[in-house]
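Undergrad: Need coordinates for the following:
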Amino acid sequence: AEQVWVAKEAGIMAEMDALRSAQAEHDSVLAGVRNMLAGLRESDALLKEVQVAEERSILLQADAASIQRRCEEAEGSATAERERVATLEDTLRKATEQVAYLQQRELQVMHGHVTSGSKIKKLVHRDPSPVPISAELSGAPPAPVPIS
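TA: Residues are numbered from 1 along each chain as shown. Coordinates of the predicted model:
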């Protein structure tokens, strides 16, 4: 009976060793699953970061497109403004030429009126040199002579 008891005890001990070995393997598998779960959580967090980055990228692309459109509009406005300035400068140049022409014409008419007829004799008699020499040398137009 003692041998049966020793054999049963050896069987129980072998079963206990098998259970311990199975428990260790179970613990090892469980630790692997936990590591995989932690990795999945990290992957999920990284995936969420990637999604946020993609959303930001889309918004930045929309902003860039909007800025590009505003730049193109500003360039168009600047071109139109340059054309308007060129037109105004041309108009100003023509007006300046017309004013200079009219001033010259006025001087010619005044000179013709003052130097014609008997009035010139009166003016020359009063002041033989109505324009100072320095003004003639400077190239300035003669000052208009008042008609009395």
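Undergrad: Okay, helices next: where are they in this protein?
TA: Applying DSSP state H to the chain gives helices spanning 2-115, 119-126, 133-138.
Undergrad: Out of these, which gets the lowest mean score?
TA: Ranked by mean pLDDT, these end with helix 133-138 at the bottom, a mean of 47.
Undergrad: any idea how far Leu30 is from Val85?
TA: Taking Cβ to Cβ, to the nearest Å as the measure, Leu30 falls 81 Å from Val85. The C-beta positions use only the backbone N, C-alpha and C, and glycine is treated the same way.
Undergrad: wait, I meant Leu59
TA: Applying Cβ to Cβ to Leu59 and Val85 gives a distance of 38 Å.
Undergrad: Please give me every residue in contact with Ser43.
TA: Ser43 is in contact with no residue at all, counting by Cβ atoms under 8 Å, 6 or more residues apart in numbering.
Undergrad: do you know how far it is from Glu49?
TA: Taking Cβ to Cβ, one finds Ser43 at 11 Å from Glu49.
Undergrad: next one: Ala31
TA: In terms of Cβ to Cβ, Ala31 sits 27 Å off from Glu49.
Undergrad: Centroid-nearest residue for the chain?
TA: Nearest to the geometric centre of the chain sits Cys71, at 6.2 Å (Cα atoms, centre = their mean).
Undergrad: so how far is Ala78 from that residue?
TA: 10 Å.
Undergrad: what do you get for Met16?
TA: 91 Å.
Undergrad: Same check on Asp90?
TA: 19 Å.
Undergrad: for Asp17, same thing?
TA: 89 Å.
Undergrad: swap in Ile58?
TA: Distance from Ile58 to Ala78, by Cβ to Cβ: 30 Å.
Undergrad: and what of Val109?
TA: 46 Å.
Undergrad: Same check on Ala7?
TA: 104 Å.
Undergrad: Need the CA coordinates for stretch 35-52. CSV is fine.
TA: Presented in CSV, the C-alpha positions along stretch 35-52 are these (Å, rounded to 0.1, in the frame of the first residue of the first chain):
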residue,chain,number,x,y,z
ASN,A,35,2.5,43.7,-24.5
MET,A,36,0.6,43.4,-27.8
LEU,A,37,-2.3,45.3,-26.3
ALA,A,38,0.0,48.1,-25.1
GLY,A,39,1.5,48.2,-28.7
LEU,A,40,-2.0,48.4,-30.1
ARG,A,41,-2.8,51.3,-27.8
GLU,A,42,0.4,53.0,-28.9
SER,A,43,-0.5,52.3,-32.5
ASP,A,44,-4.0,53.7,-32.0
ALA,A,45,-2.5,56.9,-30.4
LEU,A,46,-0.1,57.2,-33.3
LEU,A,47,-2.9,56.7,-35.8
LYS,A,48,-4.9,59.4,-34.1
GLU,A,49,-1.9,61.8,-34.3
VAL,A,50,-1.5,60.9,-38.0
GLN,A,51,-5.2,61.7,-38.5
VAL,A,52,-4.9,65.1,-36.7
